[in-house]
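Student: sequence and predicted structure, then a few things I'm wondering about:
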Amino acid sequence: MSVRRIGNVVVVGAVLLFLALPILVIVVLSFSSASYLTFPPPAFGVRWYREYLGSNEWLAATGLSLSVAASVVVLATTLGTLAALGLARLPPLLRTVAAALILSPLIVPVIVVAIGVYYAYSRYGLVGTPVGLVLAHTCLAVPFVVTSVGASLAGFDRRLEQAALSLGATPWGTFRQVTLPLIRPGVLTGALFAFITSFDELVVALFLSGSGAVTLPRRMWDDLRFAIDPTIAAVSTLTIVLTASLLLVVHLTRQRGERLRASSG
């Protein structure tokens, strides 16, 4: 191995260690036996995982985040897939304008979106309700689905749809039997990103959750401000594991989609 390659490996390893070190510290702290956050821990145990599993407040926040994220997956995946299909059929100029509007939540700062959504929802009594969180998180998640499905449609051959229609298939049958199987990896990837976006979202939740719809990130934020103990390290570790697992599924789904497009081409 050349000196240059060794240097590249060292630099990349140092950068990865720098990025991963805070996560590793949190994981270690989650197994601490101390009654407060201290590093290194005096001893190790699973006390704070038991505290989390035995706390009604933590479990209620986790259940709400999971239910909101599941609802967002259904809505965002459906709307995002339909939007991506519609964008692919628009003329170039209209496609650019429509895509800019749909993808604007990725560009506008989240705090700006949160303030606007709060003032809009306050008129209709949606602040502090799970419905309000679902609708707001859906707006944030749809662009990820549109981007993912749009990438799948970029390599899609429209002649396959035309052939199916010419052979007597209905538009719905063509979509279900031809289009959807080919773009399914993009749809699944978008759905996973929608789940992660909703489950990990904090800024909008701070404005909208109120006291009646406290999500897990909001509960973690409150715990950091008012009652710091290693329970939050245990919750953070579980969240990291869940998010990393979903990202791994996204990666495997993308690889499968690339193989599928290569075989169909």
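Tutor: Alright, I've got the coordinates. On a predicted model such as this, the values are computed, not experimentally measured, just so you know.
Student: where do the helices of the stretch 101-250 of the chain begin and end?
Tutor: For the stretch 101-250 of the chain, applying DSSP state H, counting those that start in this stretch gives helices covering 104-107, 110-122, 130-154, 158-166, 171-174, 180-200, 203-208, 216-226, 231-264.
Student: got any ranges where the stretch 151-265 of the chain has weak pLDDT?
Tutor: For the stretch 151-265 of the chain, the stretches flagged by pLDDT under 70 are 156-159, 161-162, 165, 227, 254, 256-265.
Student: list the residues that contact Pro91.
Tutor: Shown in contact with Pro91 (Cβ atoms under 8 Å, 6 or more residues apart in numbering): no residues. Glycine gets a C-beta too; all of them are placed from N, C-alpha and C.
Student: right, and the helices of the stretch 101-250 of the chain - which one's nearest Ala60?
Tutor: Ala60 lies closest, by Cβ to Cβ, to one member of the helices of the stretch 101-250 of the chain: helix 216-226, at 8.5 Å.
Student: list the buried ones in that closest one?
Tutor: Residues of helix 216-226 classed as buried: Leu216, Pro217, Arg218, Arg219, Met220, Trp221, Asp222, Asp223 (neighbour count, 16 or more other Cβ atoms under 10 Å).
Student: before we move on, the earlier item: make a markdown table from the helices of the stretch 101-250 of the chain and add distance to Leu64 to it.
Tutor: As requested, the helices of the stretch 101-250 of the chain are exported to a markdown table (distance: least, Cβ to Cβ, whole Å):
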| stretch | distance to Leu64 |
| --- | --- |
| helix 104-107 | 22 |
| helix 110-122 | 17 |
| helix 130-154 | 7 |
| helix 158-166 | 41 |
| helix 171-174 | 35 |
| helix 180-200 | 11 |
| helix 203-208 | 10 |
| helix 216-226 | 7 |
| helix 231-264 | 14 |
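Student: among these, which is nearest Pro41?
Tutor: Between those, helix 231-264 lies closest to Pro41; by Cβ to Cβ that is 9.8 Å.
Student: now the residue nearest the centre of the chain: how far from Gly54?
Tutor: In the chain, the centroid-proximal residue (Cα atoms, centre = their mean) is Ile196; its distance is 2.2 Å. Distance of Ile196 to Gly54, given as Cβ to Cβ, to the nearest Å: 27 Å.
Student: same deal with Leu17?
Tutor: Relative to Gly54, Leu17 is positioned 35 Å away (Cβ to Cβ).
Student: tell me which element the residue lying closest to Leu133 once chain neighbours are set aside falls in.
Tutor: Excluding its sequence neighbours, the residue lying closest to Leu133 (Cβ to Cβ, 6 or more residues apart in numbering) is Val68, at 5.1 Å. Element membership of Val68 [criterion: DSSP states H and E] is helix 56-88.
Student: surely Leu37 is in a helix?
Tutor: No - counting by DSSP: H, G, I helix; E, B strand; the rest coil, Leu37 falls outside a helix, being coil.
Student: give me phi/psi at it?
Tutor: Main-chain torsions, Leu37, degrees, to the nearest 10: phi -70, psi 110.
Student: residues touching it, list them.
Tutor: Per Cβ under 8 Å, 6+ apart, neighbours of Leu37: Leu29, Ile228, Asp229, Pro230, Ala233.
Student: drop anything exposed from those residues.
Tutor: With neighbours counted by 16+ other Cβ under 10 Å, the contacts of Leu37 contain buried members at Leu29, Pro230, Ala233.
Student: distance to Thr138 added to those, as TSV?
Tutor: Output for the buried ones among the contacts of Leu37, formatted as TSV (distance: Cβ to Cβ, whole Å):
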residue	distance to Thr138
Leu29	34
Pro230	34
Ala233	31
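Student: and which of the residues you listed is nearest Ala88?
Tutor: Using Cβ to Cβ, Ala233 comes nearest to Ala88 of the buried ones among the contacts of Leu37, at 45.0 Å.
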